[in-house]
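Chemist: What shape does this take:
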Amino acid sequence: MTPGELQERLEALHSSSYAWALACCGRRAEEAEEVLQTVYLKIIEGRARFGGKSSLKTWLFAVIRRTAAEHFRWRRLRERLWATPAAAEESGETRMQRRETAEQVVRALARLSTRQREMLTLVFYHDMTVEQAAETLGLSIGSARVHYARGKRRMAEHLGGEVRVAFA
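Modeler: From the prediction side, this is the model:
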C-alpha cells in the first residue's frame with residue numbers, strides 16, 4: 001500500500017477511529033484527541049507499520065488501544081512521581097520524598113547512554129517487551145538485551161540502595 005493510499009484509508013476511518021479512541025480514553029475528548037494524534041505520528045514516523053496481516057481497521061484500532069493504554073500508564077506514573085492533585089492527601093514530607101525520588105530517577109536516566117535510556121524508557125514507561133523495543137529502535141534482539149541489562153544495572157548503581165523503583 002502506498003503512503004497516499006494509506007492516508008486515504010486512514011482519513012476514511014478517522015470518524016470511527018476517533019470514536020474508538022474516545023471509548024479507550026473513558027469518553028475524555030481531550031485525551032482521545034491526544035491519543036489519536038500520537039497514533040497518527042507513530043504511523044507517519046514509521047513506529048507503527050501496517051503489515052497486512054489483518055484489515056487496516058483492525059490494525060489501526062489495536063494501535064489506538066495500545067497507545068491509549070500507554071497514555072494512561074504514563075499519566076498514572078506522572079501522578080505518582082510528581083505528586084499531582086490525586087496525592088493531595090499526602091503529607092508535605094511524603095510529597096517532598098516522592099518528588100526527590102522522581103528527580104533522582106530522572107537524573108539517573110540522564111546519565112545512561114542514549115540506547116540504554118531509550119531501551120529502559122520503552123520497556124518501563126511504554127510497556128514494550130525487549131523485542132518490541134528492539135524493533136522500534138532498529139536493533140537486533142541481542143543488542144537490545146545487552147543495552148537493557150546494562151541500563152538496569154547502571155540505574156541500580158546510580159540510584160544506590162536509597163531508591164527502589166522498577167529498575168532494580
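Chemist: how about the CA coordinates for stretch 15-22, as PDB?
Modeler: This file holds the C-alpha atoms of stretch 15-22, laid out as PDB (Å, rounded to 0.1, in the frame of the first residue of the first chain):
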ATOM      1  CA  SER A  15     -14.500   9.100  12.500                       C
ATOM      2  CA  SER A  16     -14.600   5.600  13.700                       C
ATOM      3  CA  SER A  17     -11.000   5.800  14.900                       C
ATOM      4  CA  TYR A  18     -11.900   8.900  17.000                       C
ATOM      5  CA  ALA A  19     -15.000   7.100  18.400                       C
ATOM      6  CA  TRP A  20     -12.800   4.100  19.400                       C
ATOM      7  CA  ALA A  21     -10.200   6.500  20.900                       C
ATOM      8  CA  LEU A  22     -13.000   8.100  23.000                       C
END
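Chemist: Contacts made by it with the rest, please.
Modeler: For stretch 15-22, contacts defined as CB atoms under 8 Å, 6 or more residues apart in numbering pick out 10, 28-29, 32-33, 35-36, 39, 57, 60-61, 64-65, 68. In short, each C-beta sits where N, CA and C put it, glycine included.
Chemist: where exactly do the helices run in the protein?
Modeler: Using DSSP state H, the helices of the chain run over 3-12, 14-24, 29-45, 56-82, 92-110, 114-120, 130-137, 141-159.
Chemist: mind giving me a markdown table with those and columns for mean neighbour count?
Modeler: Output for those, formatted as a markdown table (neighbours: other CB atoms under 10 Å):
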| stretch | mean neighbour count |
| --- | --- |
| helix 3-12 | 12 |
| helix 14-24 | 17 |
| helix 29-45 | 16 |
| helix 56-82 | 16 |
| helix 92-110 | 14 |
| helix 114-120 | 19 |
| helix 130-137 | 17 |
| helix 141-159 | 17 |
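Chemist: now those as JSON lines including mean pLDDT?
Modeler: Shown next, in JSON lines, are the helices of the chain (pLDDT from 0 to 100):
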{"stretch": "helix 3-12", "mean pLDDT": "93"}
{"stretch": "helix 14-24", "mean pLDDT": "92"}
{"stretch": "helix 29-45", "mean pLDDT": "94"}
{"stretch": "helix 56-82", "mean pLDDT": "84"}
{"stretch": "helix 92-110", "mean pLDDT": "81"}
{"stretch": "helix 114-120", "mean pLDDT": "88"}
{"stretch": "helix 130-137", "mean pLDDT": "82"}
{"stretch": "helix 141-159", "mean pLDDT": "92"}
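Chemist: Perfect, that will be all.
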